[in-house]
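> Requesting a structural model of the entry that follows:
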Amino acid sequence: MKVKEIMATDVIYAEIPGNRKTVMELMQNHNLKALPVVKKGTKELAGIISQADLHRHPDEEQIALIMRRDPLQVHPEVSIKELIELMIENKLRRLPVTEGKKVVGMVSVDDIIKAISRKNIKLPIKDLVNTKLCLIWDGTPLSAVPAIMRLAKSRTIPCLDDNGDLSGIMSDVDFLKETKIISEEKAASMASYSDKDWSWETSDILLITKKKIKLPNKPVVEVMTKNIITANEFSSISECANKMYKNHIDQIPVLDARGELIGMIEDEALIKAFQDTE
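Numbers count the residues shown, from 1 in each chain. This is a model prediction of the structure:
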C-alpha cells in the first residue's frame, strides 16, 4: 500500500504572504491543527504552520515568520511502511504529500488508522496494550488535573470511582467545555507559564494573544466523558482501528474478560503493528 491510496487530496492550505488571522480562520472553519503553507498563486510548498507554532509566536502576524520552513514531506509513491517509520522517528502525526515542490495531498495518522480499519487484521491487541497508566479518582478537583496530565505527558487519563472501577475518561476536550479563557494584560513567555497558567492548544479555541485558563471548582466526575468507548484485550487490531476512526479518538481503554481495566491501546501501537504486516 502506498501513500497515494490513503492521503487526502482536498488540501486546505495557507499562502504567503499572509497573516495570522487567515490561518486561524482556516483552522477554525475546517477543524484543523496544522496547514501546509504555499507560495501565493501556486501550490509550491513553502512550509507548515500549526497551532503550536501560533502559540510559540503570539506577537507575530506574518505567516512567513511563524511557519516552519523546509518541513518533512513524502511522495505519493512512498510505501505506508516507510511513511510510518518517518512519522514515528520524527514524532509527527501529519505530513504534506508533494510531487516535486507541488503540494498534492496531506496524510495523517488518522488516514493510516482508517486504512487499518479496512484491512481486517485479526491479530488481537493483547500484546500491544500499554499497562503503565496514570489514573485519577473521579472525585479529584478539576483544577489539579492539568498538572497531572502534564507530568504524565498524557492528554487522556482514565478515571476511577470510589470502588476502583472505570467510570470515565478525562481529556483536554472535556476541559474545553468548562474553561473560561481570560486574556492576560501582560504577555509572558510560554516557557515561563506555571501550573496555574496551564495552557491548552485546541482546534476549538484558537489563541491570538497569551491566555490562561480559569477552571471551575468542580470534581472530575462532573466534567469527564462517561460514555466510554472500550475494547477487549482479544479485540482485533482492525476492530480497534475502526472504533478510533469512527469516534475520532486516538486511544481506547482496554478491559479483560472480567470487564476490569488493564490498560490503554494507542493509535501509535496500532500503526506500528500494521507496519509489520506491510
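> any idea where the strands of the stretch 101-250 of the chain begin and end?
With DSSP state E, counting those that start in this stretch, the ranges of strands along the stretch 101-250 of the chain come out as 102-108, 136-137, 156-160, 166-171, 180-183, 211-214, 231-232.
> What pairs with the last one, parallel or antiparallel?
In other words, strand 231-232. strand 251-255 (parallel) (DSSP bridges).
> right, and the helix or strand after the partner strand?
Heading C-terminal from strand 251-255, the first helix or strand you meet, by DSSP states H and E, is strand 261-266.
> Any figure for the gap between V223 and W137?
Using CB to CB, to the nearest Å, V223 is found at 13 Å from W137. All C-beta atoms are positioned from the backbone trio N, CA, C, and that covers glycine.
> Those two: who's more crowded?
Between V223 and W137, V223 has the larger neighbour count (other CB atoms under 10 Å), namely 20 against 14.
> Now do the more buried one against M170, distance only.
Taking CB to CB, one finds V223 at 7 Å from M170.
> ok now stretch 113-129, how far from the chain's centre?
With CA atoms, centre = their mean, to the nearest Å as the basis, stretch 113-129 stands 20 Å off its chain's centre.
> List the buried residues for it?
By neighbour count with 16 or more other CB atoms under 10 Å, stretch 113-129 contains the buried residues 113-117, 119, 121, 124-125, 128-129.
> same check, this time on stretch 24-37
By 16+ other CB under 10 Å, the buried positions in stretch 24-37 come out as 24, 26-27, 32, 34-37.
> Save those residues as a markdown table, and put in distance to K243 too.
Putting these into a markdown table (distance: CB to CB, whole Å) gives the following:
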| residue | distance to K243 |
| --- | --- |
| M24 | 31 |
| L26 | 29 |
| M27 | 26 |
| L32 | 23 |
| A34 | 24 |
| L35 | 28 |
| P36 | 29 |
| V37 | 34 |
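> Which of these sits closest to P17?
Using CB to CB, V37 comes nearest to P17 of these, at 10.5 Å.
> isn't that closest one right up against V11?
No. Counting by CB atoms under 8 Å, V37 sits too far from V11 to count as a contact (11.3 Å).
> In stretch 228-244, which of the residues would be classed as buried?
Neighbour-count burial for stretch 228-244, with 16+ other CB under 10 Å as criterion, is recorded at 228, 231-233, 235-244.
> Look at P96 and tell me its secondary structure.
Following DSSP: H, G, I helix; E, B strand; the rest coil, we place P96 in the strand state.
> Tell me the spacing between it and M244.
23 Å.
> Kindly report the same for S79.
For S79, the distance to M244 - CB to CB - is 22 Å.
> Tell me where the model's unsure across the protein.
By pLDDT under 70, the weakly predicted segments of the chain are 175-214, 278.
> The closest residue to V97 other than its chain neighbours and T98: what is the separation?
Once flanking residues are discounted, V97 sits nearest to G105: 3.7 Å by CB to CB, 6 or more residues apart in numbering. G105 sits 8 Å away from T98, going by CB to CB.
> got it, and E77?
From E77 to T98 the distance is 11 Å (CB to CB).
> And for H30?
Per CB to CB, H30 is found 20 Å from T98.
> and what of I237?
On the measure of CB to CB, I237 and T98 end up 30 Å apart.
> quick one: V74 from A52, how far?
21 Å.
> more crowded one of the two?
Set V74 next to A52 and count neighbours by other CB under 10 Å: V74 wins out with 21 against 12.
> Let me see the contact set for the more buried one.
3, 82-83, 86, 95-98, 107 (CB atoms under 8 Å, 6 or more residues apart in numbering).
> What sits closest to S79 if chain neighbours are left out?
Nearest non-adjacent residue to S79 (CB to CB, 6+ apart): K2, at 5.8 Å.
> H75 is in contact with that neighbour, correct?
No. Judged on CB under 8 Å, K2 makes no contact with H75 at a distance of 9.1 Å.
> all helices for the chain, in order.
20-30, 51-56, 63-66, 80-90, 109-117, 145-152, 172-176, 237-247, 267-277 (DSSP state H).
> any chance of these in JSON lines, with distance to G164 too?
Output for the helices of the chain, formatted as JSON lines (distance: least, CB to CB, whole Å):
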{"stretch": "helix 20-30", "distance to G164": "40"}
{"stretch": "helix 51-56", "distance to G164": "36"}
{"stretch": "helix 63-66", "distance to G164": "46"}
{"stretch": "helix 80-90", "distance to G164": "34"}
{"stretch": "helix 109-117", "distance to G164": "31"}
{"stretch": "helix 145-152", "distance to G164": "18"}
{"stretch": "helix 172-176", "distance to G164": "21"}
{"stretch": "helix 237-247", "distance to G164": "24"}
{"stretch": "helix 267-277", "distance to G164": "25"}
